[in-house]
Each structure stands twice: as C-alpha cells, then as structure tokens.
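Asks: Pasting the sequence and the predicted coordinates here, then a few questions.
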Amino acid sequence: MLVGSALFLIPGIGPVLVAGSAVAWVVAVLEGAVVVGGLSALGAGLYSIGVPKDSAVKYESSIKAGKYLLIAHGTAEEAEAARRILAGTGAEEVNVHQPDRPAVAA
C-alpha cells in the first residue's frame, strides 16, 4: 500500500504523508487548491477524495497539532485489512471513509 508514497511539508500545517494512488489526488488538489467552505487546501484535498467535511476539518486540526495522518486507498477488502493492521498499532483513531457513489440507473 505504501508504493508511490510522498511526504509533503505544508507551511502552517507540517508534514503530511500520503501513500498509494492518493498521492496523485493530493498533488492535483494542492496545485489548484482554493479555500472551499472554510477548509484550507489540505481540507479541500481530503474532501475531494471522499473524506466527509467534518472529518476533514478534524484531521486538519490534528495535523496542525503535530499529529500524523496516514491515508491508504484501495478496494474494500484492502481497506479492511489496513484497518485491522492499523488498529493493532495503538493508533489514536482508525477510520474508513467510502466515497459517495451516485445511484446507478437501470
């Protein structure tokens, strides 16, 4: 899951580690980031990849407080495996977010 990882040093926020295909999303968002609905560029980036707005705000403040945020992207099975692994590490919080899926017309 850590293939293609990147470490971003964002002024005012600190170090942000992003792994997997989420790197491309974060880079794209940070390149053209605009403050959206009270979110900074980081919060807007998290929101754009499917993290709910309230969680994005919480993660943003945690990063500003010097904590780390690990984002892993994959199938439902890969996300569940990652959640089980991370839950055993003493992580403060482990969440799985699913992007909103539009209804498929028959």
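Replies: Nice, thanks for sending it over. Numbers count the residues shown, from 1 in each chain.
Asks: for the helix or strand harbouring S55, what is the average pLDDT?
Replies: Here S55, judged by DSSP states H and E, is contained in helix 53-64. For helix 53-64, mean pLDDT is 85.
Asks: Next SSE downstream of it?
Replies: strand 70-71.
Asks: Next, the residues that contact whatever helix or strand comes next after that next one from outside, please.
Replies: With elements assigned by DSSP H and E, the helix or strand that comes after strand 70-71 is helix 76-87. Applying Cβ atoms under 8 Å, 6 or more residues apart in numbering, the external contacts of helix 76-87 come out as M1, L70, A72, G74, V94, V96. C-beta here means a position set from N, CA and C on the backbone, and glycine is covered the same way.
Asks: packing partners for the helix or strand where L7 lies?
Replies: Element membership of L7, judged by DSSP H and E, is strand 6-10. Under the contact criterion of 3 or more Cβ pairs under 8 Å, 6 or more residues apart in numbering; DSSP states H and E, strand 6-10 touches strand 14-18, helix 22-31.
Asks: any idea which of those scores lowest on pLDDT?
Replies: helix 22-31 (a mean of 67).
Asks: helix or strand right after it?
Replies: Remark: after helix 22-31, the chain's next helix or strand is helix 41-48, criterion DSSP H and E.
Asks: Now that following helix: average pLDDT?
Replies: Average pLDDT, helix 41-48: 79.
Asks: Please identify the buried residues of that helix?
Replies: Within helix 41-48, the residues scored as buried using 16 or more other Cβ atoms under 10 Å are A41, L42, G43, A44, G45, L46, Y47, S48.
Asks: ditto for stretch 63-75
Replies: I63, L69, L70, I71, A72, H73.
Asks: how far away is the closest residue to E92 other than its chain neighbours from E60?
Replies: The shortest distance from E92 to any non-neighbouring residue, by Cβ to Cβ, 6 or more residues apart in numbering, is to K67 (7.2 Å). Using Cβ to Cβ, to the nearest Å, one obtains 11 Å as the distance from K67 to E60.
Asks: now A81
Replies: According to Cβ to Cβ, A81 stands 27 Å off from E60.
Asks: more crowded one of those two?
Replies: For A81 versus E60, the count of surrounding residues by other Cβ atoms under 10 Å is larger for E60: 22 against 14.
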